[in-house]
Each structure stands twice: as C-alpha cells, then as structure tokens.
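*Asks:* Got a sequence here, can you model it:
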Amino acid sequence: MIGTLDYTNPQNNCIGCPPRNGAVSSIQESQASSLMASTDATLGSHLARRLVQIGVSDVFSVPGDFNLTLLDHLIAEPGLKNIGCCNELNAGYAADGYARARGVGACVVTFTVGGLSVLNAIAGAYSENLPVICVVGGPNTNDYGTNRILHHTIGLPDFSQELRCFQTVTCYQAVVNNLEDAHEQIDKAVATALKESKPVYISISCNLAGIPHPTFIREPIPFSISPRLSNKQGLEAAVEAAAAFLDKAVKPVMVGGPKLRVAKACDAFVELADACGYALAVMPSAKGLVPEHHPHFLGTYWGAVSTAFCAEIVESADAYLFAGPIFNDYSSVGYSLLLKKEKAIIVQPDRVVIANGPAFGCVLMKDFLSALASRLKRNTAAYENYHRIYVSEGLPLKSEPGEALRVNVLFQHIQQMLSGDTAVIAETGDSWFNCQKLKLPEGCGWCCRYQFQMQYGSIGWSVGATLGYAQAVPDKRVISCIGDGSFQVTAQDVSTMITCGQNSIIFLINNGGYTIEVEIHDGPYNVIKNWNYTGLVDAIHNGEGNCWTTRVHSEEELIEAIAMATGEKKDCLCFIEVIAHKDDTSKELLEWGSRVCSANSRPPNPQ
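*Replies:* Predicted structure coming up:
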C-alpha cells in the first residue's frame, strides 16, 4: 500500500489529503505490461516508468552533457513530459511546488554544477517534508577510481563532493554506476522518498541510461510500499492519557501545525474537532490544511501577530493540543509565544507527548486523532469565550480617486478573487502576513490550495513553485503574491510558465526593496535596483505564447487590471505589477520584525 496516494489517478493526489478513489496497494501487472511494451529495456526507461507509476507526469530539468541521454529516455515515455527550466534552482523549486499538489515531484540536472545549483531547493523541500526525486546525470563509469579530473567539478579526482553535500538534505542517496543493481537502487530510492516524505538523490552515470540490460527486460515487480502502523497498545495508552488530560480542562483548544500534511492527518484533525467541539486554530505554515469554514475555526495562531482574538483564546486556555507543530524563531515570533509546556499535548507524525510526560512512540498522528475523537467529552467553552469577545475586523480606509494604491486595499481585492477554482502561493516577505489574512473559501483552502515556505523561507521560491504547482493542478488558477526583491532572484522561469501555456496571475508588489529585512534590521543593503518589471516580462514573452502584463498605481487601475485578468485574459499568464510605497507594510510585519530583531540581537550568554 502506498500511503494515501492514489496512483491510479495522479491528478487527484495532494499531500495530506485522502485519496478520492481509494488507496492502491500496487500497480496492476497489466499496467506494467503495457508500459513495458511502449519502451525499451533500459535504465532510463525504467526510471521513467517508475516516475509515471508513482504519479509524476512532468519532470523539471536543465540539460547538461552528463544527463542528455537520460533525458532522451525520459521524454520517450508517453506518460512523462519534460519541462525545461531556465536554471537548476528553479527546477528544484518547481519540483517542490509540484510535490505539494501531486504528492511527489522530480527534477533532473547535470553533475556538480547542476547538482550544487539545485541543492538549495532540495534543502527547502527537505525542511517542508516533500518527496522530491532529484536525479543527477553523473560521470562515465570508466572514470570512477581512475584519478582523472573531470569538467563541472572543482578540479579534484574525487567525485564524491556532490554526494556529500546531498547527504545532509536528502533521506537516501543512490549512486548508480553499474547496471546490475541499478533496478534495486532506483526502486529503493523512490520508495524511501515516499515513505519518509523527504527528497532523495539519484546519480546515474551518463553512459548507462541507454544501455539495454536483462534486469529491465523482465516484467517489473509491481511497485508497492508497506503501510506504517501504530503500536496498538501504545495507541490505546496515548489516547487514554490524552483523554484524561483534556477532559479535566475547562477551556481546551486545538491548533493544527504544518506536519498535519506529512502525517496525512488533516481529515482526522477535523474529525476530532467535530467530535469534541473545541475551538481550533492553525499555525501560519498550516494555513490551508484545515477548512476555514469550520464552525469553530478561530484563524491563525502566530503569537503577537495572530488573527484577531485567536492568540488570546489559545494562550489563555488551560489545555492545548498541537497537532504537527514546528516551533522555530519565525513561527514563535522571536520565541515570544505565551505557552506553557505543562498545558500542552504535542502530537507529531509518529509520537505523542503529554505535558511534561509521558511520551508515546510508534503512534501515528492520524490514528491517534481519530481514536481520541471517540473518547473526549464535548467542550465548547473556548469557542464560546471567543464568540463573546469577538469584534468584526474593519475594512481598509476607502481610497480617494487617484490615490496611490495601498497594499491592504490590494489584498482586499485579491480576497474577492478567491474561489474553489483558485490556489494561492505566498512568497517570503510581507506577502506571508497579507496572504495569511485571506479567508480561503470552501474548496480553495481545503485540500492544500494555499502554499508558502515558512520553515526554510528562501526568497524567490515562489516563482519556481508557481510553475510546478500550476503544472500539477491545471484545473486551478494560481494566484501568486511576490515581492520585487524575491522576484529578482528567480524571474527567469516566467519564461517556462509561458512555454507551458499556464494562466497563473502574478501580483508583483514593487516597493523598492527587501521589506521583510527592513523591519528586522534596516540598512542600505535592503534597497535594490528598480526594474521595469512589466517590460522584463514583455521581453521574456517576446510575442511567443499567451502573456499579458500591466502596471497599476491606484485602486481604479487595479480594478481594471483584475477585470481584464479574470475576463478577456483568463487563459493568459497575467503579470500585474503593483506600485507600492516602500513603507507600506502590514502591521503584523512591523510587530513580527521587531520581535525577531530582538531575538537575533540577544547578547552572548555569560561564559
């Protein structure tokens, strides 16, 4: 059984969501036979078949002399499309975005110069628990152990530098430099990525991909992964202890964290919330994993920058259950959360810790939450308290005719664009905070239709992620909110979006610098050279493909631009440059930045 991924219909896979047509235990032998009949018996064709079998229908690549033959065999697979990217970093980001929608992604680069370039994106996927198959075209088998120096290396005869770098950011590494065990190495790498929900590294010697070999001629063994199971006694003990802890609380609450996705426990979390009646919130990096239309949903718990009245309810609770949290300096707003360990139950994907103890291992989160749902007494006290103190949030001040566009007005209009047919991607920066306040409609936020990279926070991630996510879910229109500083890092692959015929809407917020860094610690290094962003995208478009650009300065112009993007240009890639004042930031960023600055500037502890 392959987790909850439905490989009979890859388009329906979404990390953290249940399969729509039921999980499959293996690929049917008839499917494998038809795949074999359409390809030759080579290592490259075997890898291509395996990618298709696990749900990958698009692979993101940058060609190099060490991977060209491999790419020939990948694109020969009818079920696999090669998406050529402008650079390896964006190829990795695209595979990251693709994996968020399909459950797994893949990228192909060349040895060392490509591998070290994609490394940053793979590290980000590792931090976000995303199964990305990173394939590198490696040196010719005859060069191993010869003391020769190859191009694309640092000039040493040791070829292991790239491998050593990937060992820290992948959960499995396979160096395929002979055909005899290539089948086993590739299958183990793919299986490990899916089981661990982490990236893997596969290096394939450049002279092996196209050689027929008996190991690839025979009928392939149907691909399958044994499911992970909870220890029954441990599960029962954890549920009993948690129920006793929570039932004695007066106003308990629930908070969902980002690891709900990797634990495939989103539905179980909602099941528990329905049963117990607790008020529920999400951590910022879990936005989109819990339906925001749930009757007891409070919003985002993010300490001092939480949704209005959410932090007050969570931090005043006498018991809180956190499912899959990540507490770092960013999510804790510079370690300023007012939480107490003795009040908390922390549920991780395979472990439950209750207050200061005990801890229960070998207990899967989804099993624990489902079992707990039938054991808890219903308690709506926390939500009732929230309902008593809640005051509806205000609207931005109305713009005067011709007034310079304010960012809060921009996001008021983006809110109106959201539907069950859209998905939102937020870049690192003030877009984190502004997008966090968007209310995701039913069918949009549920099933992971909101994405951002909080743990790794690599600026520029969203350009490649938009490319990959949009390629994975062509039935959704992606709305990306990107700052000008971030866009300058990875702008090139707007080209690939146009080539692929995507119709995403990119809001480029041009405020002249790295605004998030300004609010943490300002300096001249946070000011960047202004570009003619619409002119750049027009040049990339160059009359080939469907792309529409515009620049807006006021609310009136914004309204016209959105009407065009959602009407006449609905089938185009739409790039809307929004001119904003350099000091126009969300109040949440101002508060968050000052607290993170305080945490960063703590003096050394006395020796």
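*Asks:* center of the protein, which residue is that?
*Replies:* With distances taken as CA atoms, centre = their mean, the residue of the chain nearest its centroid is residue 100 (4.9 Å).
*Asks:* right, and that one touches residue 466 too?
*Replies:* No - the criterion here is CB atoms under 8 Å, and residue 100 misses it with residue 466 at 11.1 Å. Every C-beta, even on glycine, is put in place using the N, C-alpha and C of the backbone.
*Asks:* quick one on the thing from earlier: and the residue nearest to the centre of the chain, that one's in a helix?
*Replies:* Yes - Residue 100 forms part of a helix when assessed by DSSP: H, G, I helix; E, B strand; the rest coil.
*Asks:* Looks to me like residue 322 is in a strand.
*Replies:* Yes - according to three-state DSSP, residue 322 belongs to a strand.
*Asks:* Burial check on it, number of neighbours?
*Replies:* For residue 322, the count of nearby residues is 24 (other CB atoms under 10 Å).
*Asks:* If it is in a bridge, with which residues?
*Replies:* residue 255, residue 346 (DSSP bridges).
*Asks:* residues touching it, list them.
*Replies:* Residues near residue 322 by CB atoms under 8 Å, 6 or more residues apart in numbering: 255, 257, 283, 344-347.
*Asks:* Recalculate using a threshold of 6 Å.
*Replies:* Contacts were defined as CB atoms under 6 Å, 6 or more residues apart in numbering; by that measure residue 322 touches 255, 257, 346.
*Asks:* and these, which are buried?
*Replies:* When the contacts of residue 322 are checked for burial by 16 or more other CB atoms under 10 Å, the buried set is 255, 257, 346.
*Asks:* Can you tell me which of those residues is nearest residue 278?
*Replies:* residue 255 (9.8 Å; CB to CB).
*Asks:* Surely that closest one is in contact with residue 281?
*Replies:* Yes - the pair formed by residue 255 and residue 281 meets the contact definition of CB atoms under 6 Å, at 5.0 Å.
*Asks:* Between those two, which contacts overlap?
*Replies:* What both residue 255 and residue 281 touch, as defined by CB under 6 Å, 6+ apart, is the set residue 301.
*Asks:* Can you tell me which helix or strand of this protein has the lowest average pLDDT?
*Replies:* Least confident helix or strand of the chain, by mean pLDDT, DSSP states H and E, is helix 29-37 with a mean of 42.
*Asks:* coming back round to it: and the residue nearest to the centre of the chain, what pLDDT?
*Replies:* Looking at residue 100, its pLDDT is 96.
*Asks:* My read is that it contacts residue 451, right?
*Replies:* Yes - using CB under 6 Å, residue 100 makes contact with residue 451 at a distance of 5.4 Å.
*Asks:* how does the protein divide up, domain by domain?
*Replies:* Structural domains assigned to the chain are 10-217, 232-389, 407-593, following automatic domain parsing.
*Asks:* As JSON lines, the ones you listed with distance to residue 602 would be great.
*Replies:* As requested, the domains of the chain are exported to JSON lines (distance: least, CB to CB, whole Å):
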{"stretch": "domain 10-217", "distance to residue 602": "23"}
{"stretch": "domain 232-389", "distance to residue 602": "9"}
{"stretch": "domain 407-593", "distance to residue 602": "13"}
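*Asks:* lowest-confidence stretch among these?
*Replies:* The minimum mean pLDDT among those belongs to domain 10-217 (a mean of 87).
*Asks:* Of the domains of the chain, which is nearest residue 395?
*Replies:* Residue 395 sits nearest to domain 407-593 of all the domains of the chain, at 7.0 Å, using CB to CB.
*Asks:* Could you tell me the end-to-end distance of that closest one?
*Replies:* 18 Å (CA to CA, to the nearest Å).
*Asks:* Just give me how far that domain sits from the chain centre.
*Replies:* Offset of domain 407-593 from its chain centre (CA atoms, centre = their mean, to the nearest Å): 16 Å.
*Asks:* Then stretch 94-105?
*Replies:* With CA atoms, centre = their mean as the basis, stretch 94-105 stands 7 Å off its chain's centre.
*Asks:* ok so, going back, any idea which of the buried ones among the contacts of residue 322 is closest to residue 53?
*Replies:* Residue 53 lies nearest to residue 257 out of the buried ones among the contacts of residue 322, by CB to CB, at 31.3 Å.
*Asks:* now the closest one: how far from residue 454?
*Replies:* 11 Å (CB to CB, to the nearest Å).
*Asks:* give the contact list for residue 197.
*Replies:* Residue 197 is in contact with 129, 131, 262, counting by CB under 6 Å, 6+ apart.
*Asks:* switch to 8 Å and redo it
*Replies:* By CB under 8 Å, 6+ apart, the residues touching residue 197 are 15, 129-131, 262.
*Asks:* would you list those in a markdown table and tack on neighbour count, secondary structure and distance to residue 547?
*Replies:* Shown next, in a markdown table, are the contacts of residue 197 (neighbours: other CB atoms under 10 Å; DSSP: H, G, I helix; E, B strand; the rest coil; distance: CB to CB, whole Å):
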| residue | neighbour count | secondary structure | distance to residue 547 |
| --- | --- | --- | --- |
| 15 | 26 | coil | 30 |
| 129 | 22 | coil | 34 |
| 130 | 26 | coil | 28 |
| 131 | 28 | coil | 32 |
| 262 | 20 | helix | 35 |
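*Asks:* Turn the residues you listed into a markdown table, columns for distance to residue 215.
*Replies:* Formatted as a markdown table, the contacts of residue 197 follow (distance: CB to CB, whole Å):
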| residue | distance to residue 215 |
| --- | --- |
| 15 | 32 |
| 129 | 32 |
| 130 | 30 |
| 131 | 25 |
| 262 | 33 |
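*Asks:* and these, which two are the farthest apart?
*Replies:* Using CB to CB, the contacts of residue 197 reach their maximum pairwise distance at 131 and 262, which is 9.3 Å.
*Asks:* Check the spacing between the residue found closest to residue 299 once you drop the neighbours it is linked to in the chain and residue 279 real quick.
*Replies:* Sequence neighbours aside, residue 307 is the residue nearest to residue 299 in space, at 2.7 Å (criterion: CB to CB, 6 or more residues apart in numbering). With the distance defined as CB to CB, residue 307 ends up 12 Å from residue 279.
*Asks:* The two: which is more packed in?
*Replies:* Using other CB under 10 Å, the more surrounded residue of residue 307 and residue 279 is residue 279, with 27 against 20.
*Asks:* Quick one: residues contacting that one.
*Replies:* Taking CB under 8 Å, 6+ apart as the definition, contacts of residue 279 comprise 253-254, 296, 298, 313, 380, 382-383, 386.
*Asks:* Give the buried residues for the helix or strand containing residue 494.
*Replies:* Applying DSSP states H and E as the criterion places residue 494 in helix 494-499. Buried positions in helix 494-499, judged by neighbour count with 16+ other CB under 10 Å: 494-498.
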